[in-house]
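Peer 1: Next come a sequence and a model predicted from it.
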Amino acid sequence: MKKIMYLFIASLAFTVVSCDKDFEEINTSPNSSQTTDPNLLLSSAITVTQNTLYNAQVGGDMGLCWAQHWSKVQYNDEERYIPRRALMNALWTNLYSGVIAEAKSAYTFAGEDGNTNLQAAALVMQANAFQILTDVYGPVPFSQAVVPGNVKPIHDSQEEVYDGILDMLDQADALFASGTGAITPSADLLYGGDVTKWRKLTNSLKLKALMRISAKRDVSADVQALVASGWLMSSNSDSAQLVYTSAQPDANPIYETVVFGNRAEYKVSSVLITELNNYNDPRKPIFAKVNNSNAYVGNTPGVENPGNYNGFSSPGAKYLDPTLPGVILSYSQVELFLAEAANEGIIPGGLTEATTHYEAGIAANMLFNGVSSADTATYIGQPILALATQAQAREAIAIQVWFTLYGQGIEAWTEWRRTGYPTLAPVANAAITEIPSRFYFSTDSQNYNQVNYAAASATLSQGDSMLSKVWWMN
Amino acid sequence: MRSKFKWIFTLLVAFTMQFSFAQEKTVTGVVSDELGPIAGANVVVDGTTRGTTTDFDGNYTIKAKQGEVLVISYTGKKAVRITIAAASSYNVSLKDDVVEGKEVIVTALGIKKEEKAVTYAAQSVKGSSMTEARESNIVNALSGKIAGVQVTNSSGAVGSSSRIVLRGASSITGNNQALFVIDGVPFDNTNYGNAGSGGGRDLPNGAASINPDDIESVTVLKGPTAAALYGIRASKGVILITTKSGKKKDKFEVSFNSNITFSNPLLLPNYQNSYGQGATSDYFEFVDGSGGGYNDGVDESWGPALDRGLSFVQWDSYKYGGMATPWVSHPDNVKDFYDTGISQSNSITLISGGQDNNFRLSIGNSDEKGMIPMTEFKKFNIGFNGNMKLGEKLTAGANVTFFNNKSDNLPNVGYSSSNVVQQFIWSARNVNFTDLKNWRNLPLAPVGTAAEGTPLNWNTVFQNNPYWVLETNRNTYDQDRVTGATYLNYKFTDNFSINGKLSLDHYSQRETVRAEKGTNENQDGYYGEVSRRYSEINAETILTYQKDLSENFRMTLNGGLNTLKRIQSRVTGELTGGLELPGLFTLSNVKSGTTPVIDSDYFEQRINSVLGFGQLSYKDYAFVDFSGRNDWSSVLPKANNSFFYPAVSGSLVLSDMLGFQDSKVNYVKLRAGWSKVGGTGPLGEYSINSTYNLANNNFGTQSSVPNTQWNPNIKPESTVGTEFGVDMNAFKNRLRFSATYYSQTSTDLILPLQVEASSGFTSSWENAGEMTNKGVELQLGITALKSDDFSFDIDLNFAKNKNEVVSLGGADSYTLGGQWGMELQARPGEAYGSIVGFPYARTDAGEIIYENGLPKVNNSELAVLGNITPDWTGGANFTFKYKNFDLSTLVDAKIGGDIFSMSYMWGRYAGTLEESLIGRETGLVGDGVMSDGAGGYVANNVVVGAKAFNQYAYNYSNFTESGIFDASYVKLRQIVFGYSLPKSWLKGTFIQDFKVSVVGRNLAILYKKAPHIDPESAFSNANGEQGQEFGQLPSARTYGFNINVKF
């Protein structure tokens, strides 16, 4: 008996001593990696960005419907400015935790590898995401965003965020300029590893950022420097776009919702059809389908025609195709920015220079939409399209921007907020008196970051509401 | 005094009968109780080895000498002693043994204690109370029977999960449900279903496998003090299940139980029957169900009035050459959709043995056909346990049970077109759904509609033919499970022994999910398959030492080791891109050009423990229990992976101490306890160091940063609990009262704290939470009437728990789940499970503010609008017995707490619920105020059309508040009416007992406030799926028969 007792005590002692033997090894995950290939992070950042913006309930229900490209015959709450908060949250959450976090991590890993090109690409994706965030929400976390250990970042003013974006793009350009290392072609879903095109995107995004704040700051020196650098996009092949695959879940999200998910209530708006008709636009059969009486009939924004799926024009086949590219920034938009810059005197050349860029911008979008060059020439040749005076040109260019951004819902709404063209009235049965000027902050901010949420809301003219204008709108 | 007299008397008898003293004779007799003869009673001549047992008819025959004493005993009866006199026949009537405090309760680690030596709140129910009015899921059978056990059955669908919480939630995101332990083997209770507000299918929780026929008793160890020995899982309490064994039977017994029940929906929403499909009341025409006609794509009932002699072309007009058919109501169209559910179960148990060598073998199966067409669930189990004495000192035992749970189809729940209930809410009230049943003979949905290629349905945009969905898009489940243990016990001396035990809980299962091409949410089809494997092995050694320190002091000491190893692995494959060939559901049927999603993972963890516990008792009326346990857990960082927790508790049986057992109050026990238990909460394997995820899709392989911030400094959480209680019996136990007060504080709660995404993460592992639970549990038993033929017992129980989320470590709230605009949260200062959303805009006086006749929303602040935590729960059980008849009824109640019903919201939005009739023709005026234009308010007087009003005020985007209801209910949970054949009738047959019962479960909701739904509802048993409802699969009202035969 004593022997057994000793044995027991000995085994007890042994266990106490070795009670956590191998625990660290046991608790090492065999399921995921301690490190990763930064190219794969970049790839993820690109798809999350575009999947979020092209989500039919974000870029569609809010972007395209608020820009009045589209209108829904049923379930049109969002169109009437009654948003689903969860979807407003999704844009915030995805861009911060699914794009910026990936891009920051890719930047770090690429830096360890000495791959400056990949570092620069990671900065570009970050800058793009931050610009969308500040344009949509206003003052957002930037300086303290995605900093490990800080779970309650402060919001920075919109000016500070823009300074940061421009700085990031400058850094990226510098890194590309002296670039070393390659971006894995299969992971580079925008350019297949073509670093030259990435550098053009970098500078073109900078142009976009500068033009967006051009009413607030004198950006002419910076824009002129960009033009002089020769590193702006120069053809449609420079456009930054994610080419979706033909099958879900990696098809264009518009297709996945409207076609695959059978949401037949998505129609084009009567405003779009009117504008297309006004300019005899050859993009009409591409932007819209005919209805059951073979006519182009858009739904009046805000008016419900429940169940009448066949009496109104659906978005065109190209825009419901699974492989519709998700555009981050198009060459067409770059040209139209330059047209605006010339018209506003930001770059020299006046109306003549403006017209050159204006026509190039239109032609680029026609090409993207598969319109023949003959039809394009006929279209551009119309007197109604000619740029005559600065004021008229301002509207004409903005209207072309509006057409060019068809499909790019959030950007279309954002540019409309800036230019105000075409003249749009709030939809029928609108829940608020104006077309929204911004998204509500994420309810996660209200829930988990209350102090900073309250501080940021206080800086907005009407608090955290859709009526408060973002900085560059004022 | 009495016993001395008895002795003298015996002596006297012995003297007077001296003549025949030495004569051994044959003594016979019948042993019986109030119900008739008892078979298997022990008859022993005191002080000798002579003994026998009674036969089937209660007869015994034994050799005894005059003056010797016969001891006649039977389990549960008071032993009777008879001194043999001149007569040779002695009939004996045994009475129930109701000596207070002697009832044996199985406590932690399977240690059996007399009730009076139990120093904390523990309550038992007998297995027999769960077998007659049977619930397929054992968890449901515990509802209302035990104070403080809160059960929520997710739905009435077969294979649905149930949640069991003791003394409230004590973890924010981790498991809040009690640990199940069967015969010493921890029994995993995981539910692998993916049911949620957005759809998916519920699967049974692990404990649903258990066959109630195998259960001898269930002990509920309610608090951490009682459960401390179970280590890190103890803080949620333990449900200890002891299966039947042959220990108490001296001979071979066969019992057979057969049960058949039928089920129908307990309640269905009240739909309106006055208006049919459409968006406008002027006209309707069906062309393709997708908007090709007039309002035929609308899945709402704001259309023309029914039963007014109108005729329109409807979905089934094709049968009449496309002619218009009468536009009439079908008030039972939803009710008729459901089948009568049928559940059959049979089990056979063979028991033999005695205290030393015994075995039980049991086989059970059950076959359930659900109320929802095409759904079913089958269970099979075979179990064995046995104990054997190997010589004088060594005892060995083993138990093993094999379970198979299988379903060829389980229904979908939540907001999904795969949940067929959705198309009763988003619905056309003019459709007779049963006309869709014979879908093989229906034409196909028109080309160009979303439902193209599938059988016609009244709507082809948002829905498929519901019968086709149920028959074609099957969710299957097939689990094989083996649990068991072997033990060896060696007695060095009478008071020193060692016990070694090895136990295993292992299962593997396969789940599949199907969607045929043309399915609304999966146009190209879908197939998913998951294979899982789980095993937990525990090896435990315990050394036990007992010593009587003096005549009055007794001591038991135990020391031991336990090592736990748990492995979980999973392989999943999904065809998210669709199917290539229709109707073929296999992972190789990949739609060309798409990439199947393949994933696998493996999780392993260990917990090593050293434990010690013991009991000191004084004079059999004062008891002190103490325990200590140290765990080392592999999921924690090395520096923090060791944690110790102690418990101490005591009881004092005042009635024994002060000797007032014979007074009116015949039993009083006081008890008190304190404990601290540690745990790892929801912290899983590999949560310390950051890793990168990989995912494969059509774009290739991508990598992402985890959304959860890992924390290398995480430390164990702990729960400190104190409890006080009193148990009191009076009037010879005809009044039984028990009360417990407890207070538990859980600190350093581990949770993946939600953080705002601009941090780069959406959650971060922290020791951030603190929660308290305080409450009382009361039980009252009254034997109101008792005579030889008749008895009437009332058992009441009541529990009130006050839960508070004290802190989230500085975080403002934690979102557990939700649907549409509603969020279910943990919020500091509130009870667990706040219902949060945007409220109505109100005046300072609380009146709803209207604008243009529509209520205004207060969008500026997410507000707490309700809470899922009930105020109290209780049960009342009434048992009547008259001769061979017995009748028992169980009423249970959950009072307080709220539920958010999206069925109500969408049902009003879609014009299908009764309330949507208000103001249909006249318009309606909302109850509230509107601006008077001068900064004040006047009563709202703006008339708004019913449709506009309902689609605004019951729109998730606007309001959460309009869908929140008090979730209180009182249910007539159970009625059993049984009849046992008199023993005399069975005389001469091989049958010992024969009982037939008529049973009913969930017969009525006696009280509730939430309209249209059963407020006992959840999408599954998970934390985040409570307090919400949409498209509830109706709860089942079941009724049927049970037959129990013993041979």
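Peer 2: That came through fine. Numbers count the residues shown, from 1 in each chain, chains lettered A, B, ... in the order given.
Peer 1: so which strand or helix has A:Lys200?
Peer 2: When elements are assigned from DSSP states H and E, A:Lys200 belongs to helix A:195-212.
Peer 1: Ok, B:Gly978 next?
Peer 2: Taking DSSP H and E as the definition, one finds B:Gly978 inside strand B:969-980.
Peer 1: Kindly report the same for B:Ala227.
Peer 2: Assigned by DSSP H and E, B:Ala227 belongs to helix B:224-227.
Peer 1: Partner strands of the following helix or strand past that helix, with direction?
Peer 2: Moving toward the C-terminus from helix B:224-227, the next helix or strand (DSSP H and E) is strand B:238-243. Each strand paired with strand B:238-243, and its direction, by DSSP bridges: strand B:179-182 (parallel), strand B:215-221 (antiparallel).
Peer 1: what's next to the very next helix or strand once past the shortest one, contact-wise?
Peer 2: Following strand B:179-182 in sequence order, the next helix or strand is strand B:185-187 (DSSP H and E). Contacts to strand B:185-187, defined as C-beta atoms under 8 Å, 6 or more residues apart in numbering or on different chains, come from residues B:179-181, B:206-207, B:210, B:230, B:233, B:241, B:399, B:483-485, B:503-505, B:536, B:538. To be clear about C-beta, it is placed using only N, CA and C from the backbone, and glycine gets the same treatment.
Peer 1: Kindly recompute the last result at 10 Å.
Peer 2: With C-beta atoms under 10 Å, 6 or more residues apart in numbering or on different chains as the test, strand B:185-187 has contacts from B:110, B:179-181, B:206-207, B:209-210, B:230-231, B:233, B:238-239, B:241, B:399-401, B:481, B:483-485, B:501-505, B:536, B:538, B:564, B:566.
Peer 1: How far off centre is that strand?
Peer 2: 16 Å (C-alpha atoms, centre = their mean, to the nearest Å).
Peer 1: mind listing what it pairs with, with the direction of each?
Peer 2: With DSSP bridges as the test, strand B:185-187 is paired with strand B:179-182 (antiparallel).
Peer 1: Now do the partner strand: distance to the chain's middle.
Peer 2: For strand B:179-182, the distance to the chain centre is 13 Å (C-alpha atoms, centre = their mean).
Peer 1: Of all the residues in that strand, which ones are buried?
Peer 2: B:179-182 (16 or more other C-beta atoms under 10 Å in any protein chain shown).
Peer 1: Find the centremost residue of the chain, please.
Peer 2: All of this refers to chain A. Nearest to the mean C-alpha position of chain A, counting by C-alpha atoms, centre = their mean, stands A:Leu53 at 5.2 Å.
Peer 1: Can you look at chain B instead?
Peer 2: So for chain B, C-alpha atoms, centre = their mean, it's B:Val139, sitting 2.7 Å from the centre.
Peer 1: tell me what the longest helix seen in chain A is packed against?
Peer 2: Looking across chain A with DSSP state H, the single longest helix is helix A:116-137. Judged by 3 or more C-beta pairs under 10 Å, 6 or more residues apart in numbering or on different chains; DSSP states H and E, helix A:116-137 is in contact with helix A:38-54, helix A:85-93, helix A:101-113, helix A:158-177, helix A:195-212, strand A:326-329, helix A:409-419.
Peer 1: In PDB, list the C-alpha atoms belonging to it.
Peer 2: These are the backbone C-alpha positions of helix A:116-137, laid out as PDB (Å, rounded to 0.1, in the frame of the first residue of the first chain):
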ATOM      1  CA  THR A 116       9.400  49.000 -52.800                       C
ATOM      2  CA  ASN A 117       7.100  48.500 -55.800                       C
ATOM      3  CA  LEU A 118       4.800  46.400 -53.700                       C
ATOM      4  CA  GLN A 119       5.100  48.800 -50.800                       C
ATOM      5  CA  ALA A 120       3.900  51.600 -53.200                       C
ATOM      6  CA  ALA A 121       1.000  49.600 -54.500                       C
ATOM      7  CA  ALA A 122      -0.100  49.000 -50.900                       C
ATOM      8  CA  LEU A 123       0.000  52.700 -50.200                       C
ATOM      9  CA  VAL A 124      -2.100  53.400 -53.300                       C
ATOM     10  CA  MET A 125      -4.800  51.000 -52.100                       C
ATOM     11  CA  GLN A 126      -4.700  52.700 -48.700                       C
ATOM     12  CA  ALA A 127      -4.900  56.200 -50.100                       C
ATOM     13  CA  ASN A 128      -7.900  55.200 -52.300                       C
ATOM     14  CA  ALA A 129      -9.700  53.700 -49.300                       C
ATOM     15  CA  PHE A 130      -9.100  56.700 -47.100                       C
ATOM     16  CA  GLN A 131     -10.400  59.100 -49.800                       C
ATOM     17  CA  ILE A 132     -13.600  57.100 -50.200                       C
ATOM     18  CA  LEU A 133     -14.000  57.100 -46.400                       C
ATOM     19  CA  THR A 134     -13.500  60.800 -45.900                       C
ATOM     20  CA  ASP A 135     -15.600  61.700 -49.000                       C
ATOM     21  CA  VAL A 136     -18.500  59.500 -47.800                       C
ATOM     22  CA  TYR A 137     -18.400  60.100 -44.000                       C
END
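Peer 1: Quick one: end-to-end distance for stretch A:303-312.
Peer 2: Terminal residues of stretch A:303-312 lie 12 Å apart, using C-alpha to C-alpha, to the nearest Å.
Peer 1: what about that stretch, average pLDDT?
Peer 2: Mean pLDDT, stretch A:303-312: 87.
Peer 1: got it, and stretch B:495-514?
Peer 2: Across stretch B:495-514, the average pLDDT comes to 94.
Peer 1: Quick one: distance of that stretch to the chain centre.
Peer 2: 20 Å.
Peer 1: How about the contacts made by residue 153?
Peer 2: I'll assume chain A. A:96, A:140-147, A:445, A:449, A:452, B:755-760.
Peer 1: Switch to chain B, please.
Peer 2: B:135, B:137, B:139-140, B:143, B:160-163, B:1002, B:1014, B:1016-1018, B:1021, B:1035-1036.
Peer 1: And the helices in the stretch 201-350 of chain A, which stretches?
Peer 2: Using DSSP state H, counting those that start in this stretch, the helices found in the stretch 201-350 of chain A span residues A:220-229, A:253-254, A:270-278, A:284-287, A:331-343, A:350-368.
Peer 1: so which of those comes closest to B:Gln355?
Peer 2: Among those, helix A:253-254 comes nearest to B:Gln355, with 70.0 Å by C-beta to C-beta.
Peer 1: Thank you, goodbye.
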